[in-house]
Structures are given as C-alpha cells and as structure tokens.
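K.L.:
fold the following for me, if possible:
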Amino acid sequence: MADVVQYRLERMVNELDDFERRGLFTRREIAEIVKQRRKYEYRLKRPSPLKQDYLAYIEYETQLDLLRRLRKKSVARELKEKGNMKMKQYHSDFAGVTRIVEIFRLAVTRFKGDIDLWFRYLEFCRLKRNGRMKKVLAQVIRFHPKVPGVWIYAAAWEFDHNLNVPAARALMQSGLRVCPTSEDLWVEYLRMELTYLNKLKARKVALGEDEGTLVHDTRLADEKEWREENKDLFMSLKDEEENNEGANVENEGLKMKVDLFRQQGLSVLETIYSAAVKALPSSFSLRKRLFEILEATDLAHSEEKREEMLNDMKRDFSTEPEYWDWLAKLEIVGPKSTQGMSEQKIVLSQVQKTIQVYEEALNIVPSAMMFNLYAKFLMGIIAPPEQENQNSLLPSHTVNYTSRLLMVYEKAEKMGYITEDLACQHISFYLQLGQLDEARKLAEKLCSGKLSDSAQLWLLRVSIEIRCITKDSSSPSKADLQSIFQLLTKVLPKVSISKAESLWLMALKFFANQKRFFDKLIEISLASLARDGGSENGFSLSSAIVNFVLQKDGVQHAREMYKQFLALPHPGLAIYKNCIELESNLSSVGDKDGIVNARKLYESALATYGQNVSLWQDFYSMEAKMGTSETATAVHWRARKTLKDSTALIAPLNL
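P.N.:
Residues are numbered from 1 along each chain as shown. Below you'll find the predicted structure:
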C-alpha cells in the first residue's frame, strides 16, 4: 500500500515544482499539501474505504484548486503591472481538475449504486467542461437505467448544452421505454418538445418571418381586449388604412405560420398525453401536471383540448375527493371572462362557481375528507391569510359564507361523516364567532356521541366549561369545580395517556391549588399508569405530576410522589430520567441526599434498561462530575461488561 501511495505522490512532483516556480505556493505550503494528500491517499488505499473519505479528498482538492486560481490571478496582475506578458498555461493549471475527476472515478467504481455520488460527478464535469460528460453519462445510464432522473439529466444536457435535439429526444424516448410509469419523464418530455417548438418559433420571429409565441401570456390578451373596447380612442389615418390593406395578404401568411406552430404543438401534446394516460391511467397528479402545461401554452384549439382533458379526468377520478378539490380551486385560478365586471364581482363569481363544484362533489362523493376540504375552502374565504387579502370579500358576503360553513358542518354530522377534526373545527368556529353558548352546547352534544373517546374534543369541552365558569368570577365555586372534575373523570380513565397529554396538563394546572381534587387526579393517574405503563420518551404524566408537586409542596413531597410512581409496574424510562435530574440538581446545590438518591435511581433504572447506552453514559458523567475517579471507573467497567455493543459507549466518553 505504501509503495502505491508513494508512486502516486511522485507523479505530482511536476505540478508541485510548477507551484513553487510560479510563486503560487511557498515551500512550507507545498510540504503541507504533500502531507494532506498522503493522508487522503492512505485513506483511499484502506481495505474498505468509506464514501466520506472520497468526498473529503474531493473537497480538499476543490478548495486547493480555488486557492490556486486566486493566487494565479494575483501573480498575473503583478506581472501585468511590471509590463510582462500574460502567464502561459502550465501543467499545474489542469492537474487539480484531472485529480478530482480521477477521485470521482474511483469513488463511483467502488460505490456504483450511490446515485447521489454519480450526480455529484456529473455536476462537476458539467461545471468544469472537461470533456468527460458523455462518457460519465453513458456509465450512469448503464448502471442506473431505472432512475428517471438520470434520463432527464442526460436529455437536458444534450438539449441545453449541445443543442442536440434529436439526441435529447432519443434519450427521453429510451427512458420512457425503460421507465414507462415515471410521471417526471412524461412531463419533462412534453416540456422539452414544446420548448423546442417555441425556440423554432422565436427564431422565425427574430428573422421577421413570424410573430407571437407559444407561451400563454394573459397580459397580451388583456391588452388586445382593452384596445378592442376602446378603439374609438385611437385615430385612424388614411395612409395607415391604405398600408393596412396592402399588408393584409402578408398578415394572412403570418397567421397561417402561427397557426402551423400552434397546430404542431397541439399534435405533440395530444400524442404524449394519450401515451402517458395509457401508461399511467390511475395517476391523477400526472393529469394535473399535463393540464398545467396546456394552460401555460398557447396552442391551436386549446379550449377544446382543455375540455377534453377535464372530461377525461371527471370520467376517471370522479370518485376521488382530491379531484373535486382541484377542480373547485381551478375555478379560482383558471382563465375567466372579466369583460365589464369589477374586481369584487369577479371574485364573487369565481367563489360562487367554486362552491357549486364542492356542492356537486358532496352529492357524488360524500365523505369526511370531502367535507373537510369544503370547510377548509370556506374558512379561507371567510378569514383569508394576510398574504391573500386581495381575494377578501365584503362583510355582507362574508356573513353568507359563514352560515354556509355552519351548514356544511351540520350536514357532515347529519350524514354521519363527522370526524374528530371536523368536530373540533365546528366548535372552534363558534368560538371565533364569539358564540360561547352555542359552542358549549355543541361540545356537550358531540362528546356524548360516537366521538366520546376523543381527547381533543374533550379538551375543547373542558376549556369551554372553564371559560364559562370563570367569565364572571375569577374564583369558581365548589359546585363549578365539582362539575369540571366530573367531566374529567368521564374521559381521563378511558383515554390513553399519550393521547390525553394536553387534557392532563390542563387538569393539573387548573386543580393545582385544590388539594382535594388534585389528590383525586393523582389517584386516577396511578390507575391509568398501572394500566398503560409509563413513557419511554415523549410525554410522561408521572414526571409532570412530580414537577407540579415539587413547585407546590417542596422537595420532600416530590420524593414521596415519585416513589409511588416508581413502585408501579413498568414506570417508564422518562420518570427515571426526570427524577435523576431532580436529585442531581439538588446535589449540585448542596443536598447531601441528592447524589445517594440519584445513584439508587440509576441502579433501579439499569435493572430494567441495562442495554440503554445513553443511560450508562449519563451515569458515568454524573460520577465523573460529582463522584470520584474510582466510582466513575467502576461505572464504566460495569457498562462494558453489561452492554452487548460497548463500542458506542467508548467514543462519547473519550476514554
């Protein structure tokens, strides 16, 4: 291995001599370059070099070559000031790029299946233009013919860089034969063909043989419409009329050429569209993307093709809520006739047509998702985001859509499509409207139905009840407290702790200063934890209660409380960690019992979680910080004996 590395370093002598002779690097810097290259070369010659080894070497050589170029410019500027000629090209000017290409070649040879590495290689060749692009593209296509991005990249390079449209078309067609189910390939193929047609058209326009473009621009249409409406404002000159009569024949010819390009574009779109639909008949996203391309281009008979594509989508996807949501929103963004209408009327007309689509969808595809999409749209109309204020409606119309949204929620409940999300939206909407009593009645009704196990719904109901009893007085009566507690006792024992996190935190906070109710909540929590067990990660109810008790009653009560939780079966790792942190903090401020209790907690936790590496690391860190070197060493020795894989333990401990 050493001989190979030495041989590769000796091949760099001419380059390094050139660096010194031209004054780009000093001797000390060249020695450091040799040292770094030797280090990287040895890494690559290991029995199993890593991908990161190659990337680190490439990054180093890239930065070195960048520094070389900067210093070369500086030296050239100094020579120019002295009146000397320009610096010639030497071997060192190309050696860096050649070396990086060679490292990339070795990397992709070893990691043939790493597509990200191949694309890095391709990008480097594209940017440096070193003449290896075609060879690398052929290699990556041979190794990864099933990756659509490879074919798209190769075709884009032929189309944009080489201006070789037949080669790009052949690559796209080959890719579609290998990957006929790739949406991206179909879409990019259509884009490429239409772009090529548009380039041909632009060339004709530049030569004065044609006019217009295939790119659909609404501004041109609006300008033409305005000129037609206001033609009386323009004074017609007799000379111009005579010239216009002579130019009519020429305009007819230009129009025929324009129509020829538009007709050819339509033919291309129809061919690719039919083949794509045949290959992916159930892909709605493909149809959407092809439709968007049609909307963005100006082709012959675009309206007829648009209607045909919409009819095809309705035939194939009329049972999917996603289709109806897209179709409804198309009424907002699609092209509309705005002649003689104010902006407010245009928005109202579009919204009304969108609502009609949603109503039709509810009749054809009644589902929870459809109701949710409809409600989301209406909410966006009633309370649009700040960025979309241009579509805001007058207050009188907002009232109409508010009542319609309430009808949608009620209809969903009546038809049996109400979900937890829709129910919470319905209640929250009443709260937004300031109708607290209606929200309270609705929450009570929904919590007693099929959604009685919904923790989120109960959270809303309890929060509403708390708002109602604290609306007039900040200190609720015993009867009010009892009613709130009864609501909580209906849901907390039934719902799992992980789902009722917010509900538990609300209950603990509300009854923190009510000892009788707080103690009853602790009893309920003990029963729930005995049933469900504690948490390994995330929300820990027992930890939350211990923290509340610590703030309310002090350290001694907190210790008594966590001992109750730890006595339960499977208390969970989270409570152990929380209690250990508590005792460690107490020990750091001088509590003598803190370190003793923390050690007991670690021993108890390790009895169940003995293979948890982070637990052993935390134990060792505590002993190293608060204990002695002997206790820390003992913990480390035990960890190495207990853990099946102790390698993960050694590195973080820096032993």
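
K.L.:
any low-confidence regions in the protein?
P.N.:
The model of the chain has pLDDT under 70 over residues 83-87, 208-258, 334-342, 385-397, 646-655.

K.L.:
got the domain boundaries for it?
P.N.:
As given by the TED database, the domain ranges for the chain are 1-111, 533-654.

K.L.:
out of those domains, the one nearest Lys329 is which?
P.N.:
Lys329 lies closest to domain 533-654 among these, at 36.8 Å (C-beta to C-beta). Every residue, glycine included, has its C-beta placed from N, CA and C.

K.L.:
list the buried residues for stretch 428-436?
P.N.:
Across stretch 428-436, burial judged by 16 or more other C-beta atoms under 10 Å covers 429-431.

K.L.:
would TSV of those residues with distance to Phe291 and secondary structure be doable?
P.N.:
Supplementary listing: those in TSV, determined by distance: C-beta to C-beta, whole Å; DSSP: H, G, I helix; E, B strand; the rest coil:
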residue	distance to Phe291	secondary structure
Phe429	33	helix
Tyr430	39	helix
Leu431	39	helix
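
K.L.:
burial-wise, tell me which of the domains of the chain comes out on top.
P.N.:
domain 533-654 (a mean of 16; mean count of other C-beta atoms under 10 Å).

K.L.:
where do the helices sit along the stretch 201-350 of the chain?
P.N.:
With DSSP state H, counting those that start in this stretch as the criterion, the stretch 201-350 of the chain has helices at 218-229, 238-279, 284-296, 302-317, 321-333, 343-364.

K.L.:
Val75 is nearest to which of those helices?
P.N.:
Closest among those, using C-beta to C-beta: helix 284-296, at 50.8 Å.

K.L.:
buried set for that closest one?
P.N.:
Those would be 286-291, 293-294, for helix 284-296 by 16+ other C-beta under 10 Å.

K.L.:
ditto for stretch 508-521
P.N.:
Of all the residues in stretch 508-521, those buried under the rule 16+ other C-beta under 10 Å are 508, 510-511, 514, 517-518, 521.

K.L.:
need the contact partners of it.
P.N.:
The contact list for stretch 508-521 (C-beta atoms under 8 Å, 6 or more residues apart in numbering) reads 466, 481, 484-485, 488-489, 492, 507, 544-545, 548, 552.

K.L.:
related to what we said a few turns ago, format the domains of the chain as CSV; extra columns: distance to Tyr374.
P.N.:
CSV is the format used below for the domains of the chain (distance: least, C-beta to C-beta, whole Å):
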stretch, distance to Tyr374
domain 1-111, 49
domain 533-654, 34
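
K.L.:
Glu158: which of those domains is closest?
P.N.:
Minimum separation from Glu158 across the domains of the chain (C-beta to C-beta) falls at domain 1-111, 20.7 Å.

K.L.:
can you give me the first-to-last residue distance of the closest one?
P.N.:
Using C-alpha to C-alpha, to the nearest Å, the gap from the first to the last residue of domain 1-111 comes to 21 Å.

K.L.:
use 5 as the first number for this chain going forward.
P.N.:
All set: I'll call the first residue 5, so the last point we hit is now domain 5-115.

K.L.:
can you give me how far that domain is from the chain middle?
P.N.:
Put simply, domain 5-115 sits 39 Å off its chain's centre (C-alpha atoms, centre = their mean, to the nearest Å).

K.L.:
and for stretch 546-564?
P.N.:
40 Å.

K.L.:
for stretch 170-186, same thing?
P.N.:
With C-alpha atoms, centre = their mean as the basis, the mean position of stretch 170-186 lies at 29 Å from the chain mean.

K.L.:
what do you get for stretch 564-583?
P.N.:
Per C-alpha atoms, centre = their mean, the centroid offset for stretch 564-583 relative to its chain is 38 Å.

K.L.:
just the closest of the contacts of stretch 512-525 to Asn18, please.
P.N.:
Ala548 (70.3 Å).

K.L.:
doesn't Trp508 make contact with that closest one?
P.N.:
Yes - counting by C-beta atoms under 8 Å, Trp508 is a contact partner of Ala548 at 6.9 Å.

K.L.:
follow-up on the earlier one: would you mind putting the buried residues of stretch 512-525 into TSV with distance to Tyr64 alongside?
P.N.:
Shown next, in TSV, are these (distance: C-beta to C-beta, whole Å):
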residue	distance to Tyr64
Leu512	56
Phe514	61
Phe515	63
Gln518	66
Phe521	66
Phe522	63
Leu525	61
